[in-house]
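**Q** give me coordinates for this.
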Amino acid sequence: MASRGGCLGLLAWLLLLQLQLGEAYASAVPLTSSGPTSGEVSGASGQEGPTGESVAHTDTPSMQTRTQVAPTHGPIGVLPHLLAFSSGEHAPVCGRPFLKIVGGFNAEEGKWPWQVSVRNREKHVCGGSLITAQWVLTAAHCIISHLQYSVKMGDRRLSTQKTSLVIPIRNIIVHPKFRTAATVINDIALLRLLYPVNFTSTIHPICVPSELFHVQTGTKCWVTGWGKTKQEADMNSTEILQEVDQQIILYQECNEKIQKALSSKRDLVLKGMICGDTKKGKDACQGDSGGPMSCEFNETWIQVGIVSWGVTCGHSDFPGVYTYLSFYSKWVVATVNQAVPLYSVMFLILLECLTLPVGILVTL
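**A** Residues are numbered from 1 along each chain as shown. As a prediction, the model looks like this:
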């Protein structure tokens, strides 16, 4: 039988655990973290790049990175392979915008309510996607450690704030095995917002797949972003959110296609990546990096990829390359769940200590 002292002892234990978890979490935040993690692709520096020359470990790879500088699932029997986060990080229903997708180029307001703009000094640098009330996914190559970031969400226009929010970033967690030597690997990062957002018709999370989710070749998906609409280097980001459809290509076929186009034997597209067919000249480009590749399954939108890199924009011989999200789902859920504080749990236990009869307290 528990006593009030035992209950308070449990509370003290949880406070100590919270401090220990906070220290562990803080140690994972630095961008140079190199601890072990699941869902990673090994890479080595000093290997040949896409054109055959030696490439050192650098933040500017030879290929172009696409940047300028709920329960979290539907009905269990329909979509069983979606990621569930710990208590307090659930979306009411992810991946179900109020507005249906019917095609076009300029995205209508509310079509892609999970799309966010990752910003530095009020300037758009990358895309991202809202996956819970307080977490955003983006590409690791978008992040420069010494800069301060915010995200803008809730509006298809970059410069207006009619229905949008701009929220500072509290923490940045880059995948510890992110590298840009020879090819861009483990190109994924999580941004924790300073405070959670309320969901609306223009702010809503997308579903994240579990590691059991596999997309098939030829699946039609959509890529969204504010990046360049043409390859020209002097062209700025577009003001209105753009959308393009892509046909999925699995990494083996994509790697062979790029190897053939470059007359190279080097493997550039690896496990943990996925590609989008650009036969129609539609592709992600600079400024789109970090944004979502979204696919609809049974009226629910799932984020399959993160815009990562490409040899050029919109060229039929060079598919766009994306971080394959299901490959990294364990890392995503571990990172998010590790950061969920115990304060709500401790509050409930303290409430029990103060109000419940001794006889019904949990035995320690």
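**Q** quick check: which element contains the nearest residue to Thr312 once chain neighbours are set aside?
**A** Once flanking residues are discounted, Thr312 sits nearest to Phe318: 5.4 Å by C-beta to C-beta, 6 or more residues apart in numbering. For the C-beta atoms, the positions are set from N, CA and C on the backbone; glycine is no exception. Under DSSP states H and E, no helix or strand contains Phe318.
**Q** go on, the one 5 residues further on?
**A** Thr323 is located in strand 320-324, with elements delineated by DSSP H and E.
**Q** just the buried positions in the helix or strand hosting Val223, please.
**A** In this assignment (DSSP H and E), Val223 forms part of strand 220-225. By 16 or more other C-beta atoms under 10 Å, the buried positions in strand 220-225 come out as 221-225.
**Q** mind listing what's buried in whichever helix or strand comes after that strand?
**A** Later in the chain than strand 220-225, the nearest helix or strand by DSSP H and E is strand 242-249. By 16+ other C-beta under 10 Å, the buried positions in strand 242-249 come out as 242-244, 246-249.
**Q** any idea of the pLDDT on Leu137?
**A** Note for Leu137: predicted pLDDT of 98.
**Q** Arg179: neighbouring residues, count only.
**A** 21 (other C-beta atoms under 10 Å).
**Q** quick check: end-to-end length of stretch 124-137?
**A** 15 Å (C-alpha to C-alpha, to the nearest Å).
**Q** swap that for stretch 225-245, please
**A** Using C-alpha to C-alpha, the two ends of stretch 225-245 sit 12 Å apart.
**Q** likewise stretch 154-169?
**A** Calculated as C-alpha to C-alpha, the first-to-last residue distance of stretch 154-169 is 16 Å.
**Q** any idea of the mean pLDDT for it?
**A** Rounded mean pLDDT across stretch 154-169 is 88.
**Q** was I right about the residue nearest to Thr312 contacting Gly276?
**A** No. Using C-beta atoms under 8 Å, Phe318 makes no contact with Gly276, being 10.8 Å away.
**Q** which ones are touching Gln216?
**A** Ile248 (C-beta atoms under 8 Å, 6 or more residues apart in numbering).
**Q** ok so it is a helix residue?
**A** No. Counting by DSSP: H, G, I helix; E, B strand; the rest coil, Gln216 is not found in a helix; it is coil.
**Q** what's the burial count for the nearest residue to Ala139 once chain neighbours are set aside?
**A** Closest residue to Ala139 in three dimensions, ignoring its sequence neighbours and counting by C-beta to C-beta, 6+ apart: Gly290, at 4.0 Å. Using other C-beta under 10 Å, Gly290 is surrounded by 33 other residues.
**Q** Gly290 sits in which helix or strand?
**A** Gly290 belongs to no helix or strand, assigned by DSSP H and E.
**Q** kindly report the same for Val332.
**A** helix 329-339.
**Q** same for that helix, what does it pack against?
**A** helix 4-28, strand 189-193 (3 or more C-beta pairs under 8 Å, 6 or more residues apart in numbering; DSSP states H and E).
**Q** buried residues, that helix. List them.
**A** For helix 329-339, by 16+ other C-beta under 10 Å, it's 329, 331-333, 335-336, 339.
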